[in-house]
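Enquirer: structural data only, the sequence is not supplied:
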């Protein structure tokens, strides 16, 4: 069975387009090409690692069950025809850098993207970014930055960020009572991308609109990046209620108080900067925090003690006030606050309930004259997630291959084998460092980078010792 | 089609040639650094600090930047333009400031980030002063804004940082803090500054001293830190009760005079406003800091900060850089480079030691005829360790429990002598 490279056709197409552009418009500057989203010729070389330690670099043309064909490269010169190698001699085939084979400026999609045209005078451009998957893995700093950078070329009026993170284990929803406040540190890294960077580095910064479907744990902080929040009917925002007990009984109480205080202040600061009431953060994060509210002129008024007519939002979670199992499974607990559409709107966190993008746009006053761009961002984030998936498979495989290379034979063979080992280790280090924010060592099962570097030095020293 | 391809190819060659010409224009600039051991390193000096240099060398198309410690440099032959972060005395006659707009002061933002004592050190701040004087002038009108985003760090560095800010910066520049997040030792560092502004998301406090598994500093040690912060509070003009509520479980409340806005502080819960309950540790948010007069205001960007500081206009020195909400001055560029280097060293400390250890062991066990190879390798790793410590002497304290002078004498020289002895017959 033949495996061909999907990217090859795209690359050929991209090269063809690049070649044709000057003929169509006379002079084309590189930024214009990049801005139009055409694939930049960025062939990354593949490698074939042979069992005898040899490594050949080039571009793989075709791979069958028994052979690999490669356009061998010497320096930057690529062979005119592919050379066919038997798989029996091959230890490993390393494709590219573990990423897609063509890249675009700003990490966007590899497909040509046309500039939006629908926004007729006065029309609005909406750029839709979907944050789904596992927070901290699929949703992280680099892919979000790439998605936002990709949006810049469209000069959108709105960045619509749809939050729908995975919140389950073994296919079961983790519920309202499971909490992971510690993911705040990831949200803290995402915040500048959707706030300060836009204000500072965009000529016309878009308004950020967050549409909450499922915003649990670290993702629950994302709506606090902006005052423009909308919930879907079944939207949910919470899963950060364990700040109070995060440190258990470890150490001295005064230090635990300090740790809680600084975290709470940081989280409150995030909400304050967008005009949200910091007491909502405290109710969402601290079990002991008691909060009541009344409505006055359509706006909530908060109290930390019982007041006539005030409705309890969160109790102190102590003794008889602790949520029961029955309340927990029904999402009816009130030890900490989990926001749902109706309550979020009542408390002013959400500006409205919207089940479709069009509903959100309606709230924004954008009715018909608009251009909605959503695919590129989705592909950026999706590609990041797929790359992490692949690296979780590839890195352990590469490490196994490293282990299998035997340093034996005559001097040249030993030297080659050590070189091959070092090469694989370098490759692993490169990938781990680049994707560190989303890779977990427990999943990839290789030693930490520092240890890999020590291994490399070990082989260099062995080589020194071996040298005649 | 063939013609089109040919034209395209020619265009591509021309573009490549132009790009190469442009590149070589700069790459022709070549500095030569002669090392004491006879080695000659050629490239472009990117940066200098106290005689040490960062030099960009290249082999073919592959470029890398090497750090060379001042102690190892015999001489430098210069060809390229002056490095961006070269620190020279302020009275250097060659240094000329661009004409100042009448009545418009110059200002630079210096970021204080990372761990206090590691990425944020008194030595680095001290070393930046000449560069700042070149950029802001020496007539006392210059403004230094410390933009702080740090989760704290080493207790031992607080007094040193406070001293350099109070005794050196405040004498030369109008010195202010701009708080993104100043937690623990970072807040204690900022506390000697009278003018503190917050970003809207800013937070400041949580100064409880601790170590290991959340074990609090107690007894005489705690009293020492409380006393130190009383003195530092006086430097900044803050009521000492504020910092105490940030350090220990102590109540803090206040009343605000409606007419004058004057705030009176109490270390009880009896004031009109309860700022910190007695069983909590205080961390200010921006609105509270402003409400209780702790901060002078809240500013989301330099424009707002300019106004909050009472100016219509400030000449913010430096150049725009993606990812930063302020221009990057030469002093700030040096600060960023320092942080990158020290962060890399911090992450790689164990690797440096492991590599030195294995090379040293092999050197000791190798026969005399091949031993020099391993000694050379070991020396190269030892140099990395030395460069790490010289860049931030706190590594000597943290890793060996020694002051740098003791470390030089009792560890570095001993190791150097040991390696030298391996080469003696």
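Expert: Happy to help now that I have it. Just so you know, these numbers come straight off a predicted model, no measurement behind them.

Enquirer: lowest-confidence helix or strand of chain A?
Expert: Least confident element among the helices and strands of chain A, by mean pLDDT, DSSP states H and E: helix A:30-35 (a mean of 28).

Enquirer: so what touches the helix or strand following it?
Expert: Using DSSP states H and E, the helix or strand that follows helix A:30-35 in sequence is strand A:46-50. Residues outside strand A:46-50 that contact it (C-beta atoms under 8 Å, 6 or more residues apart in numbering or on different chains): A:55-60, A:68, A:70, A:85, A:89-96, A:401, A:420, A:423-424. (Each C-beta comes from the backbone N, C-alpha and C, glycine too.)

Enquirer: just the buried ones from those residues, in ChimeraX syntax?
Expert: The following ChimeraX line selects those of the contacts of strand A:46-50 that are buried, judged by 16 or more other C-beta atoms under 10 Å in any protein chain shown:
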select /A:55,56,58,59,60,68,70,85,90,91,92,93,94,95,96,401,420,423,424
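
Enquirer: of the contacts of strand A:46-50, which belong to helices?
Expert: Counting by DSSP state H, these place A:401, A:420, A:423-424 in helices.

Enquirer: give me the subset of the contacts of strand A:46-50 that also touch chain B.
Expert: Near chain B, judged by C-beta under 8 Å from any C-beta of the partner chain, there are no entries from the contacts of strand A:46-50.

Enquirer: ok, and what's touching stretch A:242-257?
Expert: Here stretch A:242-257 has contacts from A:179-182, A:259-260, A:263-264, A:267, A:285-289, B:208, B:210, B:212-216, B:248-249, B:279-281, using C-beta under 8 Å, 6+ apart.

Enquirer: now do the phi/psi pair for whatever residue of chain B ends up closest to chain A.
Expert: Scanning chain B for the residue nearest chain A gives residue B:214, at 2.6 Å (criterion: C-beta to the nearest C-beta). Residue B:214 has phi and psi values of phi 60, psi 40 when expressed as degrees, to the nearest 10.

Enquirer: number of residues surrounding it?
Expert: Counted with other C-beta atoms under 10 Å in any protein chain shown, residues neighbouring residue B:214 total 19.

Enquirer: isn't it right up against residue A:259?
Expert: Yes - assessed by C-beta atoms under 8 Å, residue B:214 is found in contact with residue A:259 at 7.1 Å.

Enquirer: using the three-state scheme, assign the nearest residue to residue A:286 once chain neighbours are set aside.
Expert: Spatially, and ignoring its direct neighbours in sequence, residue A:286 is nearest to residue A:244 (4.7 Å; C-beta to C-beta, 6 or more residues apart in numbering or on different chains). What DSSP: H, G, I helix; E, B strand; the rest coil gives for residue A:244 is coil.

Enquirer: residue A:244: how many residues sit nearby?
Expert: Neighbour tally, residue A:244, other C-beta under 10 Å: 19.

Enquirer: so what pLDDT did it get?
Expert: Note for residue A:244: predicted pLDDT of 91.

Enquirer: same check, this time on the one 4 residues further on
Expert: At residue A:248 the predicted local confidence, pLDDT, stands at 93.

Enquirer: residue B:81 too?
Expert: Reported pLDDT for residue B:81: 37.

Enquirer: buried ones in the strand or helix carrying residue A:269, by neighbour count?
Expert: Here residue A:269, judged by DSSP H and E, is contained in helix A:253-272. For helix A:253-272, burial by neighbour count (16+ other C-beta under 10 Å) applies to A:254-272.

Enquirer: what's in contact with whichever helix or strand comes after that helix?
Expert: The C-terminal neighbour of helix A:253-272 among helices and strands, as given by DSSP H and E, is helix A:278-285. Residues outside helix A:278-285 that contact it (C-beta under 8 Å, 6+ apart): A:181, A:220, A:224, A:238, A:240-244, A:263-264, A:267-268, A:270-272, A:289, A:291, A:302, A:304, A:313-314, A:336-339, A:347, A:349, B:285, B:287.

Enquirer: likewise for stretch A:348-368?
Expert: Outside stretch A:348-368, the residues within contact range by C-beta under 8 Å, 6+ apart are A:124, A:126, A:128, A:158, A:160, A:209, A:211-212, A:223, A:227-233, A:235, A:237, A:276-277, A:280, A:299-300, A:339, A:341-342, A:344-345, A:370, A:372, A:374.

Enquirer: give me the buried positions along it.
Expert: Neighbour-count burial for stretch A:348-368, counted by 16+ other C-beta under 10 Å, picks out A:348-351, A:353-355, A:359-361, A:364, A:366.

Enquirer: what's the answer for stretch B:191-200, then?
Expert: Those would be B:191-193, B:195-200, for stretch B:191-200 by 16+ other C-beta under 10 Å.

Enquirer: and what of stretch B:256-264?
Expert: Within stretch B:256-264, the residues scored as buried using 16+ other C-beta under 10 Å are B:256, B:263.

Enquirer: now do stretch B:239-259
Expert: Those would be B:239-254, B:256, for stretch B:239-259 by 16+ other C-beta under 10 Å.

Enquirer: measure that stretch end to end?
Expert: Start-to-end span of stretch B:239-259 (C-alpha to C-alpha, to the nearest Å) is 20 Å.

Enquirer: the nearest residue to residue A:336 once chain neighbours are set aside: how many residues sit nearby?
Expert: The shortest distance from residue A:336 to any non-neighbouring residue, by C-beta to C-beta, 6+ apart, is to residue A:241 (3.0 Å). Residues within reach of residue A:241, counting by other C-beta under 10 Å, total 27.
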